[in-house]
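> Here is my input, please return the structure:
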Amino acid sequence: MNGYPENVLSSKKLSRDESTSSKDNAHVEQKRTPPVVIPYVKGVSEHIRRVLHRYNVQAFFKPVNTLRQFLVRPKDPIDKQRVIGPVYQIKCNDCDASYVGETERSLKARFMEHRRPSSTGSEVSGHLHSDQEGHDISIEDTKMLCVESKYFERGVKEAIQIRRLRPSLNRDGGRHTLPSIWNNVLTLQGGGTCSWELPRANSDDL
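Sure, this is the predicted structure:
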């Protein structure tokens, strides 16, 4: 009448003795030594299993080479020259000068612009062809600090890396001026990374 299922009403109730016996069995099972899994090495694993058997410990073998290891291959390495939207760091091969920038295009396209003598707006180009003639840069030694497809977030991440790395060739702090609170954040986080979330601040502060 109260809506209980028929199987509940018709199920057999355990007697007090049966209930106590079940609890004792469960307690005994808890005291049993759990089994161990060991890698299989021919001539060694069998001996270990015999020793463990003396102490009532079950041993199971695990193959060293699995089908997954043969079939699964790691992902292809990222081609940093073709990735779109990177924040990057260029270092001079002949001195300690460095530059941090960002681009919505590929790293390779922006790198070639920095290297051209006609790129008058590039601090890197000015360093190579005016300030320190004969110095050179290489795309292999150029670091891709992170990748960000969104324009605003990429500008903020560029500013974070400029504040963190203090590159000598950057004239300013990047497209966005970070508030002073970032000085403490970068210090506490030990240098910072591009994976941080943006701090909760007013749009005027950023």
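> Just give me the neighbour total for residue 36.
12 (other CB atoms under 10 Å). No exception for glycine: its C-beta is placed from N, CA and C like everyone else's.
> which residues touch it?
Residues counted as contacts of residue 36 (CB atoms under 8 Å, 6 or more residues apart in numbering) are 52, 57-60.
> pLDDT and distance to residue 38 added to these, as JSON lines?
As requested, those are exported to JSON lines (pLDDT from 0 to 100; distance: CB to CB, whole Å):
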{"residue": "52", "pLDDT": "87", "distance to residue 38": "9"}
{"residue": "57", "pLDDT": "89", "distance to residue 38": "11"}
{"residue": "58", "pLDDT": "90", "distance to residue 38": "11"}
{"residue": "59", "pLDDT": "88", "distance to residue 38": "6"}
{"residue": "60", "pLDDT": "88", "distance to residue 38": "8"}
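> Mind checking which of the residues you listed are buried?
52, 59 (16 or more other CB atoms under 10 Å).
> taking the contacts of residue 36 one by one, which sit in helices?
If you go by DSSP state H, these have residue 52 in helices.
> thought residue 145 was touching residue 101?
No: contact between residue 145 and residue 101 fails when scored by CB atoms under 8 Å: they sit 9.9 Å apart.
> All the strands of the protein, residue numbers only.
Taking DSSP state E, the strands of the chain run over residues 36-39, 59-62, 86-91, 98-102, 143-147.
> can you give me the helices in this protein?
Counting by DSSP H, the helices of the chain are 6-10, 16-31, 45-54, 67-71, 107-115, 123-126, 151-165, 181-188.
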